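Undergrad: got a predicted structure plus its sequence, pasted below:
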Amino acid sequence: MTSWRPLSGTQRSPAARRLELARRLAPELRPQTYNLMRILIEHQRTADMPAIREEFDRLVDAAQGIVHVLLTTAVPIAAKEQKAYRQTLA
């Protein structure tokens with residue numbers, strides 16, 4: 001287990017502190033994840049992480065043949081029908 005200490009050097013740049021955090025997390029991350037974090041930090045693109053995650057999830061779903069749908073009906077449908085649609089579309 002990693003011993004956690006406060007990030008030292010309050011005069012260090014935010015990017016340097018983020019890199020230090022990534023280095024501390026490295027033993028718990030897959031190498032690919034660590035490298036992605038390091039690249040995003042070095043290129044000051046950490047704000048893009050949520051969009052990257054969304055796109056990654058979309059690509060995984062596409063690779064697995066998963067399609068997300070929103071079913072809209074012209075009239076309200078009963079709970080039994082809703083359940084049938086959910087089971088059919090799952």
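TA: Looks like it arrived, so ask away. Residues are numbered from 1 along each chain as shown.

Undergrad: what's around residue 41, how many residues?
TA: 19 (other CB atoms under 10 Å). Yep, even glycine has a C-beta here, placed from its N, CA and C like the rest.

Undergrad: also the one 3 residues further on?
TA: If you count neighbours by other CB under 10 Å, residue 44 ends up with 11.

Undergrad: please, which helix or strand holds it?
TA: Take DSSP states H and E as the rule and residue 44 turns out to sit in neither a helix nor a strand.

Undergrad: tell me the phi and psi of the closest residue to it other than its chain neighbours?
TA: In space, and not counting its chain neighbours, residue 44 is closest to residue 15: 6.5 Å by CB to CB, 6 or more residues apart in numbering. Main-chain torsions, residue 15, degrees, to the nearest 10: phi -60, psi -40.

Undergrad: mind checking how far residue 15 is from residue 60?
TA: 29 Å (CB to CB, to the nearest Å).

Undergrad: what residues are up against the residue nearest to residue 44?
TA: 41, 42, 44 (CB atoms under 8 Å, 6 or more residues apart in numbering).

Undergrad: want to throw the residues you listed into JSON lines with distance to residue 73 and pLDDT?
TA: Conversion of the contacts of residue 15 to JSON lines gives the following (distance: CB to CB, whole Å; pLDDT from 0 to 100):
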{"residue": "41", "distance to residue 73": "47", "pLDDT": "85"}
{"residue": "42", "distance to residue 73": "50", "pLDDT": "85"}
{"residue": "44", "distance to residue 73": "47", "pLDDT": "87"}
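
Undergrad: in which helix or strand would I find the residue at minimal distance from the centre of the chain?
TA: Central residue of the chain (CA atoms, centre = their mean): residue 53, 3.6 Å from the mean position. According to DSSP H and E, residue 53 maps onto helix 49-63.

Undergrad: now that helix: average pLDDT?
TA: Per-residue pLDDT values over helix 49-63 give a mean of 94.

Undergrad: cool, stretch 12-19 as well?
TA: Per-residue scores along stretch 12-19 average to 79.

Undergrad: now for the nearest residue to residue 34 once chain neighbours are set aside, how many residues are close by?
TA: Counting by CB to CB, 6+ apart, residue 34 lies nearest to residue 26, which is 4.8 Å off, once chain neighbours are set aside. Applying other CB under 10 Å, we find 16 residues neighbouring residue 26.
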